[in-house]
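Asks: what follows is a predicted structure for the sequence shown.
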Amino acid sequence: MEAQGADIAALGRFFGADSGTVLSFTSFVNPAAKTFTYTLNPGIIYLGRALSLTSMGQSNAMSQWTWTSNLSLGTTSWSDIGTGAFTGDPWDLGEIFTLDPSGDYESHVEYTQTAARTVSLGTFVQTEHDILGNKTVLSTTTGRDTFQLQGPDAGMWTWEMDPQTVNGHSFGIHSTGFVPILGGAGAFTAVFTPEPGTAWIVFLSLTLLALLRRSLTV
């Protein structure tokens, strides 16, 4: 869940959000080999350009994860390179981008698990660094996810990033999906959600349009 969120956040960071496009993926998790993959379904158009995304990740004996996501948007191609590890609790994740070698993404996620599900709250930070490694925070936001462990919805998950503004682009993210509890083939979708001010402007515009139409028919 965290890896896909980092990849999709990179799209919003560098290109802006396309809230009218549903990003649909297939995935596969192999618990025995400690690997995962996910691939954007073909034919997705993002901001008027063809988008592709494939990610592969693996964990070692120390529960340290590494993954590489290869993306292309139109004629622009790049890789997102991620690492993650459980340091007790929280889960700490970082990702860098070949599209902008000075760019970084970090998340710090705290988990609460019951018999029925796992719930987490996270902080997501977009940063950039100079040649000496000194970091500047571009934006900070929060989010949450759930993963159902039992019942008729076992294997279902949701992941959300609250709205933020970075590089002049405002966006949030909402993802939902399914992966078998014991591993195997799954699927998920992700959409960009508008920044609150943008959502209010859209609502107000639709309301005014409805009032105008009503006045013209009276």
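Replies: Noted; the coordinates are in hand.
Asks: helices along this protein, start to end?
Replies: Here the chain has its helices, by DSSP state H, at 2-15, 196-217.
Asks: shouldn't residue 21 be in contact with residue 46?
Replies: Yes: with contact defined as C-beta atoms under 8 Å, residue 21 and residue 46 form a contacting pair (5.4 Å). Glycine gets a C-beta too; all of them are placed from N, C-alpha and C.
Asks: show me which of those two is the more surrounded one.
Replies: Per other C-beta atoms under 10 Å, whichever of residue 21 and residue 46 has more neighbours is residue 46, with 21 against 17.
Asks: I'd say that one and residue 19 touch.
Replies: No: between residue 46 and residue 19 there is no contact under C-beta under 8 Å: 10.9 Å.
Asks: look up how far residue 138 lies from the nearest residue to residue 167 once chain neighbours are set aside.
Replies: Nearest non-adjacent residue to residue 167, counting by C-beta to C-beta, 6 or more residues apart in numbering: residue 13, 5.8 Å away. According to C-beta to C-beta, to the nearest Å, residue 13 and residue 138 sit 8 Å apart.
Asks: one more: residue 28?
Replies: Between residue 28 and residue 138 the distance is 33 Å, computed by C-beta to C-beta.
Asks: for residue 116, same thing?
Replies: Using C-beta to C-beta, residue 116 is found at 37 Å from residue 138.
Asks: partner residues bridging residue 117?
Replies: Using DSSP bridges, the bridge partners assigned to residue 117 are residue 148.
Asks: pLDDT at it, what is it?
Replies: Residue 117 is assigned 76 on the pLDDT scale.
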